Each structure stands twice: as structure tokens, then as C-alpha cells.
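> One predicted model, sequence on top.
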Amino acid sequence: MLQEIYETQKKRQGDPIVTMKATKDVGINVGINEQKVLELLRKNNQITAKEITGLLGISLRHSERLITSLKQKGMI
């Protein structure tokens with residue numbers, strides 16, 4: 001999945017928005033890092049913001065913002 005994200009980003013030459021299917025028939029626009037966070041949460045629903053920080057190479061504050069954004073969108 002992460003390889004697909006990378007390839008999509010590479011094709012779009014830095015465009016941070018991709019479309020993914022969050023549920024069966026609902027298409028949702030999310031940023032690359034939001035999509036990565038969703039994938040990590042699917043693999044481990046007990047993952048912490050600190051662990052996400054280490055895995056994605058982003059700041060703790062950024063991972064917290066991503067989680068908040070996904071919560072506001074009703075995706076988690």
C-alpha cells in the first residue's frame with residue numbers, strides 16, 4: 001500500500017492529494033500522510049502518535065494534527 005502511495009505521489013509530482021476508498025462505496029480525498037496514518041491504524045489500531053512519528057519520519061505535532069484531522073473527517 002505504501003508503495004502505491006509513493007508511486008501516486010511520484011506521478012503527480014508532489015500533489016499531496018490522492019483519492020482512496022475509506023469504506024465500500026465512499027471515495028474520500030485525503031493527504032498522503034493521512035492515508036499512511038490510516039494504513040498504520042488498519043494494521044494496529046492501538047498505535048500511538050509517537051510510534052506514527054517514528055514510522056513516517058514526521059514530527060510528533062504533525063502526527064497529532066493528522067490524527068485530529070482524520071477524527072474531524074469521521075474516518076477514525
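That came through, no problem. Numbers count the residues shown, from 1 in each chain.
> drop to CA atoms for contacts and neighbour counts, all remaining ones
Noted.
> how about low-confidence regions in the chain?
Applying pLDDT under 70 to the chain picks out residues 1-29.
> try 90
1-32, 73-76 (pLDDT under 90).
> Show me the strands in it, by range?
17-23, 26-31 (DSSP state E).
> How about stretch 46-56, which residues are buried there?
A49, I52, T53 (16 or more other CA atoms under 10 Å).
> Quick check: helices, which of those are part of them?
Mapping the buried residues of stretch 46-56 onto helices (DSSP state H) picks out A49, I52, T53.
> which one of the residues you listed sits closest to K36?
Nearest to K36 among those is I52, at 9.2 Å by CA to CA.
> Surely that closest one and R61 touch.
No - I52 is beyond contact range of R61, at 10.8 Å (criterion: CA atoms under 8 Å).
> if we can go back for a sec, put together JSON lines for the buried residues of stretch 46-56, with distance to K36 on each row.
Converted to JSON lines, the buried residues of stretch 46-56 look like this (distance: CA to CA, whole Å):
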{"residue": "A49", "distance to K36": "13"}
{"residue": "I52", "distance to K36": "9"}
{"residue": "T53", "distance to K36": "11"}
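> tell me which of these is nearest to V37?
Closest to V37, out of all of the buried residues of stretch 46-56 and judged by CA to CA, is I52, at 7.1 Å.
> Skip the chain neighbours and tell me the closest residue to that closest one.
Counting by CA to CA, 6 or more residues apart in numbering, I52 lies nearest to S63, which is 6.5 Å off, once chain neighbours are set aside.
> Please consider this matter closed, and thank you.
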